[in-house]
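Q: any chance you can model this:
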Amino acid sequence: MALIRSVKGISPKFGKNCFLADNATITGDVIMGDNCSIWFNAVVRGDVHTIRMGNNVNIQDGAIVHCTYMKAPTSIGNNVSVAHQAIVHGCTIHDNVLVGMGAIIMDGAVIGSNSIIAAGALILENTIVEPGSIYAGVPAKKTKNLDESLIVGQIQRIANAYPMYASWYDKEEE
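A: All right, here's what the predicted structure looks like:
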């Protein structure tokens, strides 16, 4: 069973049909929408500020979602995939975004809709990622515009696959 902890009397809140892996950790002021999944060894830590997630968000294995005290909350839109070992910290991610494996998004960054943050990319503090683009590198820069085939074939395909993957796991007996 996932580790779910209240912080200062505030407990995480979950939408319908959410999957929490046995060793996922979710603490504090976290509100997530429907059909979300928090995978193995992922940490969503709303202890120092708020974390808000829309519907159909997946936080994959080993990823970390956190904030900065009294400065930078984290907001994640709908149909967002945060891949393995990524760090999402005190930023805003709009709808239909893929954050690649090992990517880091720093405080104050805003990731526009229909975008891909490449694996291993470093989005520096206060960076504005243009909607419909791919950012890659350290520090990350825009590499190209996304076409509709990548939005459907990558971003939406991955976001839609994770509720299916979650359904493969046996439901815990109550």
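
Q: where are the low-confidence patches of the chain?
A: Along the chain, the model assigns pLDDT under 70 to residues 172-174.

Q: let's go with 50 and repeat that
A: Residue ranges of the chain with pLDDT under 50: 173-174.

Q: which helices and strands does the longest helix along it pack with?
A: As far as residue count goes, and with DSSP state H defining each element, the longest helix of the chain is helix 157-167. Helices and strands touching helix 157-167, by 3 or more Cβ pairs under 8 Å, 6 or more residues apart in numbering; DSSP states H and E, are strand 37-38, strand 58-59, strand 80-82. Heads up, the C-betas are built off the backbone N, CA and C, glycines and all.

Q: contacts only, for the residue most central in space within the chain.
A: The C-alpha lying nearest the average C-alpha coordinate of the chain belongs to residue 82 (Cα atoms, centre = their mean; 4.2 Å). Under the criterion of Cβ atoms under 8 Å, 6 or more residues apart in numbering, the contact list for residue 82 reads 57-60, 63, 65, 76, 88, 99.

Q: let's see 6 Å
A: With contact set as Cβ atoms under 6 Å, 6 or more residues apart in numbering, residue 82 has these partners: 59, 63, 88, 99.

Q: count of residues packed around residue 114?
A: 21 (other Cβ atoms under 10 Å).

Q: pretty sure it contacts residue 96?
A: Yes: counting by Cβ atoms under 6 Å, residue 96 is a contact partner of residue 114 at 4.8 Å.

Q: all helices of the protein, in order?
A: Counting by DSSP H, the chain has these helices, from start to end: 148-150, 157-167.

Q: what would those helices look like in a markdown table with mean neighbour count and distance to residue 141?
A: Supplementary listing: the helices of the chain in a markdown table, determined by neighbours: other Cβ atoms under 10 Å; distance: least, Cβ to Cβ, whole Å:
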| stretch | mean neighbour count | distance to residue 141 |
| --- | --- | --- |
| helix 148-150 | 12 | 18 |
| helix 157-167 | 15 | 23 |
